[in-house]
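Novice: requesting a structural model of the entry that follows:
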Amino acid sequence: MLELYAIERLLHRLGRSRHRDHFVLKGALLLRHWLGVDTRPTRDIDLLGPTHVDSGQLRDLLGELIALDVEDDGITFERDSIVVAPIRRDSPVLGLRARFDARLGRSVLRYQVDVGLGDAVFPPTEEVTPGGLLGLPMASVRAYTPYTTIAEKLEAIVVLGEANSRIKDYYDLALLPRTLEFDGEVLVESVRRTFARRSTPIPATTPDGLLDAFAHSPINANRWRAFMEKGRLLESSKPPFEIIVAEVRHFLMPAIEAARAGQPLKARWPPGGPWQ
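Specialist: Numbering: from 1, shown residues only. Now for the predicted structure:
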């Protein structure tokens, strides 16, 4: 809860700043907003930023952000602790990672802010007001819709293939269709634009990361079990990884096939499916 409070107060400062329209919230925190429940723990903030931002500019921007005069929330940021570096690793998109510290009473808060640069966003962003713990004021910020979140996670599955270790993406891609409604035409357009922006070909066959062989890999099964042990995820039964991959495949393949063919997907996905 302390980590969530710390994240909320930083986002409040972003929403109050002159930079609010230059950054878009994405990532695990939005799952909590969309679904109204704590879905999986997160200690990070994921943002989309403008293409032209470099490490020095992001450091200066964060320094300005944490120095904003806002309502007293007990958090004192340590501006001199800000460190920014490029990130790649298993992420297919270049970005920047900022780390810095703050204090709340005797507690030290460790922040990590990942900023993707200049990605495609469709449908257009929406305004969200995440959280509001302790009844403190909370400014709104720009945010992804579920469609963009799904399109980006699908693109990562395609690019990373059998080497994909991002098990949490499969969790998100199973949870969202279980609980939200989707318009097929909007999803296909979001997939098409995301893949085009990242210069990733839309696959002509089922991606390796959605095949049964990937789902039944002992390494991936172990990763899934370890991930599920981190919290109250999906349900108490903790479904095996092969069930999750099958659900994700059932949801995404019609959109992949339509995007590949350049055709709309004239169907609706009700919460829990199927396409109809």
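Novice: strands of the chain, start to end?
Specialist: For the chain, the strands defined by DSSP state E occupy 24-26, 44-49, 75-87, 95-104, 107-117, 126-128, 141-143, 182-183, 268-269.
Novice: give me the pLDDT for residue 228.
Specialist: Looking at residue 228, its pLDDT stands at 86.
Novice: try residue 137
Specialist: With respect to pLDDT, residue 137 has a value of 84.
Novice: now swap in the one 4 residues further on and tell me
Specialist: Turning to residue 141, the model gives it a pLDDT of 96.
Novice: for the nearest residue to it once chain neighbours are set aside, what are its contacts?
Specialist: The shortest distance from residue 141 to any non-neighbouring residue, by CB to CB, 6 or more residues apart in numbering, is to residue 15 (4.6 Å). For every residue, glycine as well, the C-beta is placed using N, CA and C. Residues near residue 15 by CB atoms under 8 Å, 6 or more residues apart in numbering: 138-141.
Novice: kindly report the same for residue 212.
Specialist: Residue 212 neighbours (CB under 8 Å, 6+ apart): 242, 245-246.
Novice: what is the nearest of the residues you listed to residue 156?
Specialist: residue 245 (14.5 Å; CB to CB).
Novice: so the closest one makes contact with residue 217?
Specialist: No - with contacts counted by CB atoms under 8 Å, residue 245 stays clear of residue 217, the gap being 10.1 Å.
Novice: for the contacts of residue 212, which one is nearest residue 47?
Specialist: Checking the contacts of residue 212 against residue 47 by CB to CB gives residue 245 as the nearest, at 28.7 Å.
Novice: name the nearest residue to the closest one, ignoring sequence neighbours.
Specialist: Leaving out its chain neighbours, the residue that sits closest to residue 245 by CB to CB, 6+ apart is residue 215, at 3.7 Å.
Novice: the nearest residue to residue 162 once chain neighbours are set aside - how many residues pack around it?
Specialist: The spatial neighbour of residue 162 that comes closest, neighbours along the chain excluded (CB to CB, 6+ apart), is residue 208 at 4.9 Å. For residue 208, the neighbour count with other CB atoms under 10 Å is 16.
Novice: one more: residue 58?
Specialist: Per other CB under 10 Å, the neighbour tally for residue 58 reads 20.
Novice: wait, what's in contact with it?
Specialist: Residue 58 touches 49, 84, 96, 98, 115, counting by CB under 8 Å, 6+ apart.
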